[in-house]
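Enquirer: Got a predicted model here, sequence first, then my questions.
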Amino acid sequence: MIDLNKQKLALADLTDLNWLKQRFFVYPDQRIKVKTGEVIIRQGEVNEKMYFMESGSTSGYFKPEEGEGFKVFSTGTNMMVGLYSFFSHDHRSYTTVKADEDTVVLYVSRDQLPEKNSPEYGLFLEHILPVIVNEIYLRQMLMINSVSEKESVLKKLMESEKMATLGQLAAGLAHELNNAASVIQSKAEWITEHMKDYMEQKDSKGLYPYFLRSLEKGQTKSSAEVRARKEKIKELIGVQENAAKKLAKMNLSDEELMMINQKNDSGIIDRLGNYWEAGLALHDINIAASHTTHVVQSIKELGAANRREHQNFSLLSSIEKAHSLLTNQLKHIETSIDVHEDIKVNGKEGDFIQVWVNLIKNAAEVLNTKQPQSPQIIIEASKKGSLLHVSIKDNGGGIEESEQSKIFQPSYTTKVSGLSFGLGLGLSIVQKILSSYEGQIQLVCQDEWTIFNIQLPKQ
């Protein structure tokens, strides 16, 4: 499961919340004490304020026209509320925000913000954009957790072999999840398109293309490639360690680096980093939204007789999308992806993203638990005769021989003292998905390496 508390910490790297608070949330008569259960913003009503959480916590709830309401997000101290409705075209809130406990909020009205043609408006956008991106991202992660928990329940139901009953339950659950998934996906698409316009209009330093590049491509460099590139950048343009690390994460040519260095602007690397990170965050949000939608569709199809039409897609792209969904789990692991971009697979890309997510996540959990000296995950693919071969391996110490014959059983897990060692967490579903494409998966253990070998008929 995704640790939302760790995700919140990342906002400090993107913006200075104190600047926003000290500049806009400073009016004594715009400080409100809210009792537990009281409503701050009501769904469907016009909202003309942005709120800053001085203390306490709130949650936002969406109520569809039919069915029960559900929680979309939670906020705590030093976070903001009301951003989507404040910036949307009709300013109407899509959730009802209530105080979870006695809470103190500060607010600022629309007429108290800088005019669009004023010099301070650019500074405002530079600080508020990462906050908006972070809030949308946290809501997406909360929804992913919710979908994952409910999907886990469905996996247990599959063991009962009462497929008729399961099909009815799946249809009902998918209907409820579809409301949530549709909200998240539509809002992610909305914020992406509007932020593209904002970034392009307010760009005076030629940084917009880098925002667009990270938005479209995401993070493509491995941790090993970033380290190697960082040292080269330090030699090439003579910048400090932190600045070189920021630049190394981007797909910048030597010519681009020299152009940036020649601008003689001490703050340009930080601003470029903000543009890049904002685009990357939106890229990951949209991948997560698409994956959520696919999971819901998969649940619907549990009781369906026919599958949707398959399409050709890039194997490398599907693996990179899975990697993007697991960035937090992989941040201390050296991940190598050796897959040619020309390799195509015929099927539903979301199915294969589920396969890669499960296998990579299991490997990451083993490595993060056992903590070998140099944790590695290596992903390779090749075409051999009539078969496509994919291997995913980690140096987490292998799997006991007594467990190797059990790991694909739906009811098998290896949780010891509350610690999950990455087994039984979807491997039966991985095997089921691959079997539906006439593929196979096998486990091989060699010394400290655990290797999952996958074979698929070549398309």
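Expert: In hand now; what should we look at? This one's a predicted model, so the numbers in the text were calculated from it and none came from an experiment.

Enquirer: Off-centre distance for stretch 245-262?
Expert: Distance, stretch centre to chain centre, for stretch 245-262: 26 Å (CA atoms, centre = their mean, to the nearest Å).

Enquirer: List the buried residues of that stretch.
Expert: The neighbour-count check on stretch 245-262 (16 or more other CB atoms under 10 Å) flags 245-250, 252, 257, 260-261 as buried. (C-beta placed from N, C-alpha, C; glycine too.)

Enquirer: Out of these, which is nearest to residue 357?
Expert: residue 249 (22.2 Å; CB to CB).

Enquirer: Relative to residue 246, how far out is the nearest residue to residue 125 once chain neighbours are set aside?
Expert: What sits nearest to residue 125 in space, not counting adjacent residues and going by CB to CB, 6 or more residues apart in numbering, is residue 202, at 5.4 Å. Counting by CB to CB, to the nearest Å, the separation of residue 202 from residue 246 is 21 Å.

Enquirer: can you give me the end-to-end distance of stretch 77-84?
Expert: 19 Å (CA to CA, to the nearest Å).

Enquirer: ditto for stretch 19-37
Expert: 30 Å.

Enquirer: picking up where we left off before, tell me the one of the buried residues of stretch 245-262 nearest residue 431?
Expert: Closest to residue 431, out of all of the buried residues of stretch 245-262 and judged by CB to CB, is residue 249, at 35.4 Å.

Enquirer: Enumerate every residue touching the nearest residue to that closest one once chain neighbours are set aside.
Expert: Using CB to CB, 6+ apart and skipping the chain neighbours, the partner closest in space to residue 249 is residue 226 (5.7 Å). Residues in contact with residue 226 (CB atoms under 8 Å, 6 or more residues apart in numbering) are 245, 248-249.

Enquirer: you'd agree residue 357 is up against residue 324?
Expert: No: judged on CB atoms under 8 Å, residue 357 makes no contact with residue 324 at a distance of 10.0 Å.

Enquirer: returning to that earlier point: would you list the contacts of residue 226 in TSV and tack on secondary structure, distance to residue 94 and pLDDT?
Expert: Formatted as TSV, the contacts of residue 226 follow (DSSP: H, G, I helix; E, B strand; the rest coil; distance: CB to CB, whole Å; pLDDT from 0 to 100):
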residue	secondary structure	distance to residue 94	pLDDT
245	helix	38	84
248	helix	39	84
249	coil	34	83
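
Enquirer: Just give me the closest of these to residue 93.
Expert: residue 249 (35.5 Å).

Enquirer: On the C-terminal side of the helix or strand bottoming out on mean pLDDT in the chain, identify the next helix or strand.
Expert: Ranking every helix and strand in the chain by mean pLDDT, DSSP states H and E puts strand 419-420 at the bottom, with a mean of 35. Remark: after strand 419-420, the chain's next helix or strand is helix 427-436, criterion DSSP states H and E.

Enquirer: give me the number of residues near residue 263?
Expert: Other residues near residue 263 number 12, with proximity taken as other CB atoms under 10 Å.

Enquirer: isn't there a strand covering residue 346?
Expert: Yes: assessed by DSSP: H, G, I helix; E, B strand; the rest coil, residue 346 belongs to a strand.

Enquirer: Need the pLDDT of it.
Expert: With respect to pLDDT, residue 346 scores 91.

Enquirer: Repeat that for the one 5 residues further on.
Expert: Residue 351 carries a pLDDT score of 85 in this model.

Enquirer: same thing with residue 115?
Expert: Model confidence at residue 115 (pLDDT) stands at 88.

Enquirer: With the one 3 residues further on instead?
Expert: The predicted local distance difference test score for residue 118 is 86.

Enquirer: Look up phi and psi at it.
Expert: phi -90, psi 150 (degrees, to the nearest 10).

Enquirer: ok, it to residue 234 distance?
Expert: 38 Å.

Enquirer: between the two, who's got more neighbours?
Expert: Comparing residue 118 with residue 234 by other CB under 10 Å, the one with more neighbours is residue 234, at 17 against 11.

Enquirer: Quick check: which element contains the more buried one?
Expert: Going by DSSP H and E, residue 234 is in helix 223-237.

Enquirer: got a list of what residue 280 touches?
Expert: 214-215, 218-219 are the contacts of residue 280 under CB under 8 Å, 6+ apart.
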